[in-house]
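J.: Here is a sequence together with a model predicted from it:
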Amino acid sequence: MFKGYSQNGMHKEVISLFGKMMECYVKPSCYTFPMILKSCGKLSALCEGEQVHSLVLKKGFRTNLFVGNTLIEMYSGSGEVGHAYKVFCEMTLRNVVAWTCMINGFISCGDVKSAREIFDLVVERDVVLWNTMISGYIEIGDMESAHKLFDEITCKDTMLWNTMLNGYANSGNIEACEELFEVMPKRNVFSWNGLIGVYANYGCFNEALTTFKRMLSEAKVLPNHVTLATVLSACARLGALDSGMWLHIYAQRIGYKGNISVENALMDMYGKCGKIENAKDVFKGLVKRDLVSWNTIIGGLAMHGHASDALAIFDQMKNAGIQPDGVTFVGVLCACTHIGLVDEGLAYFQSMSDYSISPHIEHYGCLVDLYSRSGHLLAALHLVKMMPMKADSVIWSCLLGASRTYKNMEVAELALEHLIELEPWNPAHYLTSSNIYRDAGKWENMAKLKVAMKDTSFSKIPGYSMIEIHDEAVEFYSSDQRHPKMLEICVCLTSLSKLIQSPRFRPEEMGLQ
DNA sequence: CTAGGGTTAG
């Protein structure tokens, strides 16, 4: 009974059942205590844990290894490493599990130094012990010490290799991940997910997709739900709709249709690839919805300008009793910005406190965007002065952009001043400002900024879009001349433009409206 | 019958 509850995460039930067991005067054995103590640890129920501890002593299980080890786990899991260490010291016999539990205890309270001191005293070391110590170094970002230890191990298993791979992945060291991945003797699904994950998290989306294809063709391991969620998010960032749709079918075929992470990633992929209807279909088909599901569909609808749908779904979410978080409100505020709902946006912003969400800089940024895009530049500026944190470059860029639209030279100059202070190296700010001067016919000022831009000795990297051609994501930017059939494309576009402008063109007759 | 190690989505 205890095991059944425990395996399903029902720790409260374990403890109350143990209470009943005591009431019935049934004697607990050495097999009972580890499970009870584990549940106390999971719940951080120190009070109950201490009672069970004294029962352990009373019933004479002080020297049992299983009992002692779970006591260490329980105390360190509840933030009481001191108590854990006391138990550890009083043990008459310690095996490698006991040492590992104690090391883990020190690591989880941030004391990696003490963990290492204990680690160095262990004579009989196994892979789990090594892995625990290495994970400790990774957690504090000390990859150098982690690698040093890793090199000392003579008999490494796949999981140890994966721990190192994930450590480098978390610190964004793509090259180290690639190197490790190529030399590791065996690879399982975690290894592949690790490499794909570092690509997906650090902007190498094409590499993430390529590695996934490589996994399909050369690996003996099947992708799992984590693989699918990761690759789908790379597709979303690439705008790789074809690959995304292929993954949708593949996920259904290998049985991950009901997995909430995969479904949420699918929804986001469709939204970011411009297929909001497909995203809505996925959302409607969900049997289970979590916070991420709601946030994804709200954000997707907002991005597509379907503001009233986004706000309607936000209402549904509240009616379903789901607590929104900060991400929800980014979507909601973005929806308001898209259709210029200034007063409503402010009301939503103020309602955040009803859910005890304290606004972060991105929420103030949304409000500044809402005000400035709707032409309330002074209100936006006022907000920037009043907000509790310093405005960042995103906020000032947004003001700069709006001051171009609404031709407000004072705000433009103020924004540029701050942007030069925050990001003197960023040529985009000089470029936008020089365009503002050009619009206003202030040629001298424009020329000054062009010189200033040259002085940064950086040229602006043009913003680009991506489309999928023959199974590969290709980038293109404004006035891009690189296409081999550039001339034919221009001829075709010119004739299409003429057709559209001619009085003979009636979109309704062509089924376009 | 009981104890120590993993990746994912907004």
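T.: Received the coordinates, thanks. Everything numeric in this text was worked out from a predicted model, so none of it was measured. Residues are numbered from 1 along each chain as shown, chains lettered A, B, ... in the order given.
J.: Return the set of buried residues in the helix-or-strand element of chain A with minimal mean pLDDT.
T.: The helix or strand of chain A with the poorest confidence is strand A:464-469; it has a mean of 73 (mean pLDDT, DSSP states H and E). Neighbour counts over strand A:464-469 (16 or more other C-beta atoms under 10 Å) mark A:M466, A:E468 as buried. Glycine gets a C-beta too; all of them are placed from N, C-alpha and C.
J.: again with stretch A:337-346
T.: Buried, per 16+ other C-beta under 10 Å, within stretch A:337-346: A:T337, A:H338, A:I339, A:L341, A:V342, A:E344, A:G345, A:L346.
J.: Kindly report the same for stretch A:407-424.
T.: Neighbour-count burial for stretch A:407-424 [16+ other C-beta under 10 Å]: A:N408, A:V411, A:A412, A:L414, A:A415, A:L416, A:H418, A:L419, A:I420, A:L422, A:E423.
J.: and the nearest residue to A:V221 once chain neighbours are set aside, what does it touch?
T.: Nearest residue to A:V221, sequence neighbours excluded (C-beta to C-beta, 6 or more residues apart in numbering): A:V189, at 4.6 Å. Shown in contact with A:V189 (C-beta atoms under 8 Å, 6 or more residues apart in numbering): A:V221, A:L222, A:P223, A:N224, A:V226, A:T227.
J.: Show the pLDDT at A:V189.
T.: A:V189 carries a pLDDT value of 96.
J.: what do you get for the one 5 residues further on?
T.: Per-residue confidence (pLDDT) for A:G194: 97.
J.: Grab the nearest non-local neighbour of it.
T.: Excluding the flanking residues, the one nearest A:G194 by C-beta to C-beta, 6+ apart is A:L165, at 4.3 Å.
J.: now A:H376
T.: A:V342 (6.8 Å).
J.: swap in A:V411?
T.: Nearest residue to A:V411, sequence neighbours excluded (C-beta to C-beta, 6+ apart): A:S403, at 4.1 Å.
J.: I'd say the one you found and A:A415 touch.
T.: Yes. Using C-beta atoms under 8 Å, A:S403 is in contact with A:A415, at 6.3 Å.
J.: backbone phi and psi for A:P223, please?
T.: phi -60, psi 150 (degrees, to the nearest 10).
J.: For it, give me the pLDDT.
T.: 96.
J.: Where does the closest residue to it other than its chain neighbours fall, secondary structure wise?
T.: With C-beta to C-beta, 6+ apart as the criterion, A:P223 has its nearest non-adjacent residue at 6.3 Å, and that residue is A:M215. When elements are assigned from DSSP states H and E, A:M215 belongs to helix A:205-218.
J.: Buried residues, that helix. List them.
T.: Residues A:F205, A:N206, A:E207, A:A208, A:L209, A:T211, A:F212, A:M215 are the ones in helix A:205-218 that count as buried (16+ other C-beta under 10 Å).
J.: Kindly report the same for stretch A:157-165.
T.: Within stretch A:157-165, the residues scored as buried using 16+ other C-beta under 10 Å are A:D157, A:L160, A:W161, A:N162, A:T163, A:M164, A:L165.
J.: Where does pLDDT dip in chain A?
T.: Low-confidence segments of chain A (pLDDT under 70): A:456-462, A:507-513.
J.: where along it do the strands fall?
T.: Secondary structure of chain A (DSSP state E): strands at A:464-469, A:472-477.
J.: residues contacting A:A45?
T.: With contact taken as C-beta under 8 Å, 6+ apart, A:A45 is in contact with A:I15, A:S39, A:S78.
J.: near DNA strand B, which residues of the stretch 101-250 of chain A?
T.: Within the stretch 101-250 of chain A, the residues that sit near DNA strand B (C-beta under 7 Å from any atom of the strand) are A:101, A:104, A:126-132, A:135, A:157-160, A:162-163, A:166, A:188-191, A:193-194, A:197, A:200-201, A:224-227, A:229-230, A:232-233, A:236.
J.: rewinding a little: so the residue nearest to A:P223 sits against A:L228, correct?
T.: No. Counting by C-beta under 8 Å, A:M215 does not reach A:L228; the two are 11.3 Å apart.
J.: OK, now which residue of the stretch 351-500 of chain A is nearest to DNA strand B?
T.: Residue nearest to DNA strand B within the stretch 351-500 of chain A (C-beta to the nearest atom of the strand): A:I357, separated by 10.7 Å.
J.: For A:I297, see how far away that residue is.
T.: 19 Å (C-beta to C-beta, to the nearest Å).
J.: which one of these two has more residues nearby?
T.: The neighbour comparison of A:I357 against A:I297 (other C-beta atoms under 10 Å) goes to A:I297, with 30 against 17.
J.: show me what contacts that one?
T.: A:M267, A:G271, A:A279, A:K280, A:F283, A:I313.
J.: Looking at the buried residues of stretch A:407-424, which two lie furthest apart in space?
T.: Spatial extent of the buried residues of stretch A:407-424 (C-beta to C-beta) is set by the pair A:N408 and A:E423 at 21.3 Å.
J.: Spit out the contact partners of A:G41.
T.: A:G41 makes contact with A:G49, A:T70, A:E73, A:M74, A:Y75, A:G77, A:S78, according to C-beta under 8 Å, 6+ apart.
J.: how about those residues in a markdown table, adding distance to A:E178 and neighbour count?
T.: Shown next, in a markdown table, are those (distance: C-beta to C-beta, whole Å; neighbours: other C-beta atoms under 10 Å):
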| residue | distance to A:E178 | neighbour count |
| --- | --- | --- |
| A:G49 | 45 | 25 |
| A:T70 | 40 | 27 |
| A:E73 | 36 | 25 |
| A:M74 | 41 | 32 |
| A:Y75 | 41 | 27 |
| A:G77 | 36 | 23 |
| A:S78 | 40 | 20 |
